[in-house]
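Q: return a 3D structure for these sequence lines:
(chains A, B, C and D)
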Protein chains: 2
Amino acid sequence: MAPANKEQVMSFRGRVWIDGKEGTFIGYGRVVLLERILEHGSITKAAKSMEMSYRHAWDLVDSMNRQAGKPFVELATGGKGGGGAMVTENGKKAIKVFWRFHRDLQAFLKREEKRLKL
Amino acid sequence: MAPANKEQVMSFRGRVWIDGKEGTFIGYGRVVLLERILEHGSITKAAKSMEMSYRHAWDLVDSMNRQAGKPFVELATGGKGGGGAMVTENGKKAIKVFWRFHRDLQAFLKREEKRLKL
DNA sequence: TGACGTTATTCCCTGTGATATATTACGCTT
DNA sequence: AAGCGTAATATATCACAGGGAATAACGTCA
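A: Model (predicted):
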């Protein structure tokens, strides 16, 4: 019979993000939003696809664009289809860097859980 | 002349905590609270010392005690001085484990910032 | 038995962050 | 010139976490 390992229902959790001049610059939600914009071509559709209000989505995009040296998203108002949103090369790079950061964190958490485990 | 390294005002940030059966179990605020209780011997004084409401502090202590196998804090109502709060050995261990976890995260963040830096 | 200081618990109230709603601006297309 | 779908912006509404106040319960000590 196994020694009934106490109650190991504990899990080591964590979050990471990148701060800029105005506070949060790149985080989980923002990167998912960027990917949805990449997929749908508009803030409106991207926001709907992840059950986020348009206003919130627009604020996030605006915040990123203001803090980035070169914008992550190019916005077009009016025109064919009423306008739209396009993720720039710079934005795509940010997505890659963040996911790498995020993946590294998951590995870190696994290691810590093994090492400490209370 | 140095090559004017764009605007490197970005910093890699993160938070860690430990989840239990009911959600958050141990986190930064909770550990600081434990230390203050250790120092002052009562929830009331500990809460005041960190500008936290008694109610909130009590909730946190209760949450930790319910989720821990053996309580982190022993509470006494009535008696000499009206009662008080004592951090148990188990609680002290939790403090140590969390600070280790937290310090490791800081090191992790430094490494990542060097490696990725966007 | 009364006083004391703390834990324990309830109720109300407010600030605030988010959502929802509405309106305007925009520029291509027909 | 009208229509379309989007961006951009302002206003109103809602939800809820958190604080504050108030009260009861508790057990030792004088």
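Q: neighbouring contacts of the helix or strand containing A:Glu35?
A: Assigned by DSSP states H and E, A:Glu35 belongs to helix A:28-40. Identification of contacts with helix A:28-40 by CB atoms under 8 Å, 6 or more residues apart in numbering or on different chains yields A:15, A:17, A:24, A:43, A:45-47, A:49-50, A:52, A:57, A:60-61, A:64, A:72-73, A:85-87, A:91-92, A:94-95, A:98-99, A:102. For the C-beta atoms, the positions are set from N, CA and C on the backbone; glycine is no exception.
Q: buried ones among the residues you listed?
A: Buried by 16 or more other CB atoms under 10 Å in any protein chain shown: A:17, A:24, A:43, A:45-47, A:52, A:57, A:60-61, A:64, A:72-73, A:85, A:87, A:91, A:94-95, A:98, A:102, out of those.
Q: could you list the paired strands of the lengthiest strand in chain A along with their orientation?
A: Identified as the longest strand of chain A according to DSSP state E is strand A:11-20. With DSSP bridges as the test, strand A:11-20 is paired with strand A:23-26 (antiparallel), strand B:11-20 (antiparallel).
Q: got JSON lines for the ones you listed, with distance to B:Val31 and mean pLDDT too?
A: Shown next, in JSON lines, are the strands paired with strand A:11-20 (distance: least, CB to CB, whole Å; pLDDT from 0 to 100):
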{"stretch": "strand A:23-26", "distance to B:Val31": "24", "mean pLDDT": "94"}
{"stretch": "strand B:11-20", "distance to B:Val31": "10", "mean pLDDT": "96"}
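Q: want to throw those into JSON lines with distance to B:Leu109?
A: Putting these into JSON lines (distance: least, CB to CB, whole Å) gives the following:
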{"stretch": "strand A:23-26", "distance to B:Leu109": "14"}
{"stretch": "strand B:11-20", "distance to B:Leu109": "5"}
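Q: need these in CSV with distance to DNA strand C, can you?
A: Output for the strands paired with strand A:11-20, formatted as CSV (distance: least, CB to the nearest atom of the strand, whole Å):
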stretch, distance to DNA strand C
strand A:23-26, 10
strand B:11-20, 16
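Q: perfect, I'm done here.
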